[in-house]
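> Predicted coordinates and the sequence they were generated for:
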Amino acid sequence: MRISDRYTQATETHLPVFSFEFFPPRTEAGFASLYRTVQDLKLLDPDFVSVTWGAGGSTRQKTVEIVVRIQQEIGLTAMAHLSCIGSTPDQITKTLGQLTAGGIENILALGGDHPPEYEPPPGAFTYANELASFIRTQSDFCLGGACYPETHPLAPDSETDLRNLKRKVDAGVDFLITQLYFDNADFFAFEKKAREIGIDVPIVPGIMPILSAKSIRRMTSLSGAGIPNELQAKLTEVENDDAATCDVGVEWATLQCRELLDKGAPGIHFYTLNKSMATRAIFEKLRKG
């Protein structure tokens, strides 16, 4: 299934698209746990899942293997992340061939995060719009892209970031998924500005259920996302209690999702961190209304 077709259906039927994101583990035990999580979340009937691409292409082959296995053996539509980091045209062409052979139709084309002391190989892509444009010349994949409601951390300002995003959409991206964020006001303001400059593809909120106060503070410091004062206070109250932190995260994410869906978001993309409990809990709360 081409994911863009599902978002078109969502507009027509008002049935939101739900998707889950996973990352390639580092150990064999981690892979076994990942596939158990995917099997568990399959019971929620997601529209698709995605698998990330390691820094510098470090999990390039694992990403391909996982998405093909998820789609062929578990029976879920799977999308592979591809990053510019460490990627030359020849390498991307090879990866596209492997994905096509595995029956994968969907790719998330990303600029990627530079690892420390990164030196790009000769001919490597620099920006996501370059990668998207190249993929368009090679094949007919459905392409997704990333966007930042609170501005990309490397962009000098929000206006420049939006112009770069428009360039990426013009290169052939069919839909956008946001970086994690915790204040829906940021999403709605960003969406409005994106529409005003002619970005007309679906913009999908990316939601991360908080599992650890320490971890989420580290992630937001890297991504440039803010944590609202109200949420900060709640996390401080349960700082050293991961179970209570998870409860806070589930409740906050559920409130975010309800408002987003009520105001017309085409769906929700969950950053699962390879765990099913929090995502499942949010689904159950959403279904109860």
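It's in. Residues are numbered from 1 along each chain as shown.
> what's the closest non-adjacent residue to Gln179?
Counting by CB to CB, 6 or more residues apart in numbering, Tyr148 is the residue found nearest to Gln179 once chain neighbours are left out, at 4.8 Å. Quick note: C-beta positions are derived from backbone N, CA and C, even for glycine.
> How about Ala124?
Computed as CB to CB, 6+ apart, the closest residue to Ala124 that is not its neighbour in sequence is Thr88, at 5.3 Å.
> Equivalent analysis for Val250, please.
Nearest non-adjacent residue to Val250, counting by CB to CB, 6+ apart: Ala281, 4.7 Å away.
> which residues of the stretch 151-289 of the chain fall in helices?
If you assign secondary structure with DSSP state H, counting those that start in this stretch, the helices in the stretch 151-289 of the chain sit at 158-170, 184-196, 213-223, 229-237, 242-262, 277-288.
> got the angle for the shortest one vs helix 213-223?
Comparing the axes of helix 229-237 and helix 213-223 via axes from the mean of the first three to the mean of the last three CA atoms, to 10 degrees yields an angle of 140 degrees.
> Now for the residue nearest to Ala124, how many residues are close by?
As a burial measure, Thr88 scores 16 neighbours (other CB atoms under 10 Å).
> Also Asp157?
Using other CB under 10 Å as the criterion, the residues surrounding Asp157 number 9.
> so who does the residue nearest to it when sequence neighbours are not counted touch?
If the residues on either side of it in the chain are set aside, Asp157 comes closest to Thr151, at 7.1 Å by CB to CB, 6+ apart. The contact partners of Thr151, by CB atoms under 8 Å, 6 or more residues apart in numbering, come to 157-158, 161, 224.
> 7 Å - rerun?
With contacts defined as CB atoms under 7 Å, 6 or more residues apart in numbering, Thr151 is in contact with 158, 161, 224.
> what about it, distance to Thr52?
21 Å (CB to CB, to the nearest Å).
> How about Asp170?
According to CB to CB, Asp170 and Thr52 sit 25 Å apart.
> More neighbours: which of the two?
For Asp170 versus Thr52, the count of surrounding residues by other CB under 10 Å is larger for Thr52: 19 against 13.
> Find the nearest non-adjacent residue to that one, please.
Here the nearest residue to Thr52 in space, its sequence neighbours aside, is Phe23; by CB to CB, 6+ apart that works out to 4.4 Å.
> Can you report how many residues neighbour that neighbour?
Using other CB under 10 Å, the number of residues around Phe23 comes to 21.
> What segments of this structure are strands?
Taking DSSP state E as the test, the strands found in the chain are 17-22, 48-51, 78-83, 106-110, 142-147, 175-178, 203-204, 206-207, 267-271.
> Give the pairing partners of the second one; include direction for each.
What it means is strand 48-51. Partner strands and pairing direction for strand 48-51 (DSSP bridges) are strand 17-22 (parallel), strand 78-83 (parallel).
> Identify the residues contacting Arg2.
Going by CB under 7 Å, 6+ apart, Arg2 touches 105-106, 142.
> so the residue nearest to Ala124 makes contact with Gly123?
Yes - counting by CB atoms under 7 Å, Thr88 does reach Gly123; the two are 4.7 Å apart.
> Could you give the number of residues near Glu12?
8.
> Kindly report the same for Pro153.
Applying the criterion other CB under 10 Å, we find 14 residues in the vicinity of Pro153.
> cool, Lys214 as well?
A count of nearby residues for Lys214, using other CB under 10 Å, gives 12.
> hang on, the earlier thing: relative to Gly249, how far out is the residue nearest to Thr52?
Going from Phe23 to Gly249 by CB to CB gives 18 Å.
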